[in-house]
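Engineer: dropping the sequence and predicted coords here.
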Amino acid sequence: LSTTRVCAYSASAPRKTTTVTQHLPSSPTVLLSLPSTEYLEQEEIYVELLPPEDAKVIITDRAAEQLRKMSSREQDPDAALRVAVESGGCHGYQYKMELAKSRSLDDYHFSHPTIRPSNILVDAVSLTLLNGATIDFATELIGSSFRISENPHSKGSGCGCGVSWEL
């Protein structure tokens, strides 16, 4: 499933916001499903779930198109990009992105409003630190990757390595 490089990226690293703005969807990202409260209780995952109207991850047109291509190439409409926040790095938090074939019971499931399939999965704990963030796909001379281009929860300039950030 992995022909596209998926990597960690700093939410606060320098970026071209005009480029991202040009690729934002004209309609809001669609929330397809919520985490199972029964599963969270059973697994003793203590997190306050966001109401559906407040849960928001923005998927740019570029990211959605890349997800659609990957899903088509794999012949799997359920293929998704799983985005998580982990503790680590010199500033406390870092992103983890990987390709997933199925949704977990603690995931929020998002999709682009018009380009489909374009599945993004974010676990309930990570969404508390990613809510409102923009997921983009960038192609540069050194490679292509998904990245978090805007995260309203990150502050400061992050670290020099470009993979960690702080609240």
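Structural biologist: Structure's in. What do you need?
Engineer: closest to the centroid, which residue in this protein?
Structural biologist: Geometric centre of the chain, nearest residue: Val83, 4.3 Å, by Cα atoms, centre = their mean.
Engineer: just checking, what packs against the helix or strand hosting it?
Structural biologist: If you go by DSSP states H and E, Val83 is part of strand 80-87. Under the contact criterion of 3 or more Cβ pairs under 8 Å, 6 or more residues apart in numbering; DSSP states H and E, strand 80-87 touches helix 61-74, strand 93-100, strand 119-123, helix 124-130, strand 143-150. All C-beta spots, glycine's among them, are computed from the backbone N, C-alpha and C.
Engineer: residues making contact with the fourth one?
Structural biologist: Read it as helix 124-130. Identification of contacts with helix 124-130 by Cβ atoms under 8 Å, 6 or more residues apart in numbering yields 35, 40, 45, 47-50, 55, 57, 83-85, 93, 106-108, 122, 148, 151, 153, 167.
Engineer: narrow these to those that are buried.
Structural biologist: Neighbour counting by 16 or more other Cβ atoms under 10 Å classes 35, 40, 49-50, 55, 57, 83-85, 93, 106-108, 122, 148, 151, 153 among the contacts of helix 124-130 as buried.
Engineer: ok, back up a step: how far does the strand holding Val83 sit from the chain's center?
Structural biologist: How far strand 80-87 lies from its chain's middle: 6 Å, per Cα atoms, centre = their mean, to the nearest Å.
Engineer: direction included, what does it pair against?
Structural biologist: If you go by DSSP bridges, strand 80-87 pairs up with strand 93-100 (antiparallel), strand 119-123 (parallel).
Engineer: report the contact partners of the closest residue to Leu24 other than its chain neighbours.
Structural biologist: Closest residue to Leu24 apart from its sequence neighbours, by Cβ to Cβ, 6 or more residues apart in numbering: Thr60 at 5.9 Å. Listed by Cβ under 8 Å, 6+ apart, the contact set of Thr60 reads Val20, His23, Leu24, Pro25, Thr134, Ile135, Asp136, Phe137, Ser149.
Engineer: over to the fourth one. Which of the three states is it?
Structural biologist: If I follow you right, that is Pro25. Secondary structure, DSSP: H, G, I helix; E, B strand; the rest coil: Pro25 is coil.
Engineer: return the distance of it relative to Ser33.
Structural biologist: Distance of Pro25 to Ser33, computed by Cβ to Cβ, to the nearest Å: 19 Å.
Engineer: if anything else comes up later, I'll come back, but that's it for now.
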